[in-house]
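[1] just a sequence and a predicted model for now, questions to come.
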Amino acid sequence: MPMLRSAPSLALLALTLPACYQGGGEASGGGASQTAPASASDTDTDSGAAATTEDDTSSSGGGGGGSGGSGSAATTDETETGVDAGTTDATTTDATTTDATTTGVDPTTDATTTGSSSSSSTTDDTGDTGDTGGDPNDNTTPAGVCARWKQDRADLSNGPWSGDAAACNAGDTTPQGRANALKMINLHRWLADLPPVTHDPPRDAKAQKCALMMHANNALSHNPPMSWKCYSADGAEGAGKSNIATTSGVVAIDLYMADPGNPTTIGHRRWILANNLGPVGLGSTDKYSCMWVIGGNGGGNNEWTAWPPPGPFPFQAIKASWESIDSTGWTVQSSAINLAGAQVKVTSDGQDRPMKVTQLLGGYGSTYAISMIPQGWQSQVGKTYEVSISGISQPINYQFTLVDCL
């Protein structure tokens, strides 16, 4: 499995680097890593699996500063469900991920805090209820969600890389490959009721030089030394502001969303779901890729964002990559609501579903975030899950239904 590394937080930007993912090649999988704080290790570790993950420093870019970004992540188990704290562990040895830090997310948003992750839907409800023939612009019905899921994932090709590592020629990914990677980013943002992002040619160029450096050295780093093969200042800048992975750019997006190996941050996912993401920079070889995420000015206004999000959600998204999000964790992130005291209750069919809750480190696309890992059970297609988060200033309540989009 590939590896990831993510970028640092704004507060620690001068001391830390972005994220990356390391692992196998494009065909077999890859890895990613995200930038970790200065106190964190900046080298990926491998426990014998195809890939490993590590967390780099995060930035405070999820919004205004808060206490949620300091210290180590705290893990709590839902006592009401009788979960044994020692029965499961969110860490994985198959992939490594780290996420980039953000710079300047607006913590003031107007979204409602119950039943939805944003103040209003970005699409119109057409009333479709089936799984086929839906409006791919409608994220409120199973038919619309499945239509968009199938449409945007019909072509996941990256295309050939025109560069040459031996000659230190960065070349470029194909226009279709870059378009497909951007399409994957925006598919996940659409599902979470966030606005789409664009890519920026200057950032693309630096991300491409970043990907060349990773490829030429067969390694991931947010702070590559000048002694590296094919070193360039532009490539080093891209490395310091990107999520990076040992897969091609299109494949990396699913890997970032699963984010295995980063139980204290889940930072790659949070960057993709950040309110202020965009424009991004996308660079890729046939084995390595860099996704510039730092310094965004996106227009998202979600007060909180959940993954899986409220409403119909493709069952296939639960395990679209090497790891299921049932094992890496569901998440709720916010820069407006301090989630430090969050108490989570998940129910389905009138029964409590035990969850392991972890306070995630701040700064990776949001100031605050929690992960929730099912204990002794797995998500099932056709089921509806009600999530209630209390113990915070503004309780959060929502539900999602897993729909089969095959």
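    Looks like it arrived, so ask away. Residues are numbered from 1 along each chain as shown.
[2] please count neighbours and contacts with C-alpha atoms only from this point.
    Noted.
[3] where does the protein dip in pLDDT?
    Within the chain, the ranges that satisfy pLDDT under 70 run 1, 3-133.
[4] quick one: the helices in it?
    142-152, 175-191, 201-217, 233-240, 249-258, 267-272, 325-328 (DSSP state H).
[5] okay, those helices, which one's buried deepest?
    helix 267-272 (a mean of 33; mean count of other Cα atoms under 10 Å).
[6] who are the packing partners of that helix?
    helix 175-191, helix 249-258 (3 or more Cα pairs under 8 Å, 6 or more residues apart in numbering; DSSP states H and E).
[7] could you dump those helices to TSV with distance to residue 374?
    As requested, the helices and strands packed on helix 267-272 are arranged in TSV below (distance: least, Cα to Cα, whole Å):
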stretch	distance to residue 374
helix 175-191	21
helix 249-258	15
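[8] in JSON lines, list the helices of the chain along with distance to residue 134.
    Shown next, in JSON lines, are the helices of the chain (distance: least, Cα to Cα, whole Å):
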{"stretch": "helix 142-152", "distance to residue 134": "4"}
{"stretch": "helix 175-191", "distance to residue 134": "15"}
{"stretch": "helix 201-217", "distance to residue 134": "34"}
{"stretch": "helix 233-240", "distance to residue 134": "39"}
{"stretch": "helix 249-258", "distance to residue 134": "23"}
{"stretch": "helix 267-272", "distance to residue 134": "25"}
{"stretch": "helix 325-328", "distance to residue 134": "26"}
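[9] quick one, which of these is nearest to residue 283?
    Counting by Cα to Cα, residue 283 lies closest to helix 201-217 out of the helices of the chain; the figure is 3.8 Å.
[10] and the angle for that closest one with helix 175-191?
    Angle between the axes of helix 201-217 and helix 175-191 is 110 degrees (criterion: axes from the mean of the first three to the mean of the last three Cα atoms, to 10 degrees).
[11] out of the helices of the chain, nearest to residue 227?
    That would be helix 201-217 among the helices of the chain, by Cα to Cα, at 10.4 Å.
[12] and that closest one with helix 233-240, angle?
    90 degrees.
[13] identify the residues contacting helix 201-217?
    By Cα atoms under 8 Å, 6 or more residues apart in numbering, the residues outside helix 201-217 that reach it are 165-166, 168-173, 220-221, 228-232, 234-239, 242, 244, 280-285, 287-292.
[14] so how far is residue 289 from the closest residue to residue 166 other than its chain neighbours?
    Excluding the flanking residues, the one nearest residue 166 by Cα to Cα, 6 or more residues apart in numbering is residue 216, at 7.3 Å. Using Cα to Cα, to the nearest Å, residue 216 is found at 12 Å from residue 289.
[15] ditto for residue 344
    On the measure of Cα to Cα, residue 344 and residue 289 end up 36 Å apart.
[16] who has more neighbours, these two?
    residue 289 (37 against 22; other Cα atoms under 10 Å).
[17] nearest to residue 404, of the helices of the chain?
    helix 142-152 (7.8 Å).
[18] now do the contacts for residue 290.
    20, 207-208, 210-211, 238-239, 242-245, 249, 281-284.
[19] next one: residue 172
    161-163, 208, 283-285.
[20] in strands only, show me the residues you listed.
    283-284 (DSSP state E).
[21] which of the contacts of residue 172 are buried?
    Among these, the ones that count as buried by 16 or more other Cα atoms under 10 Å are 161, 163, 208, 283-285.
[22] redo these as JSON lines? Include distance to residue 312.
    Output for the buried ones among the contacts of residue 172, formatted as JSON lines (distance: Cα to Cα, whole Å):
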{"residue": "161", "distance to residue 312": "37"}
{"residue": "163", "distance to residue 312": "41"}
{"residue": "208", "distance to residue 312": "36"}
{"residue": "283", "distance to residue 312": "32"}
{"residue": "284", "distance to residue 312": "32"}
{"residue": "285", "distance to residue 312": "35"}
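[23] now, the most widely separated pair of those residues?
    Across the buried ones among the contacts of residue 172 (Cα to Cα), the longest gap, 11.5 Å, separates 163 and 283.
[24] the residue nearest to residue 250 when sequence neighbours are not counted and residue 267, how far apart?
    Leaving aside its chain neighbours, residue 250 sits nearest to residue 181 (4.3 Å; criterion: Cα to Cα, 6+ apart). As judged by Cα to Cα, residue 181 and residue 267 stand 18 Å apart.
[25] end to end on stretch 290-309, go ahead and measure it.
    26 Å.
[26] ditto for stretch 348-367
    Termini of stretch 348-367 sit 29 Å apart (Cα to Cα).
[27] so which bits of it are buried?
    Across stretch 348-367, burial judged by 16+ other Cα under 10 Å covers 353-367.
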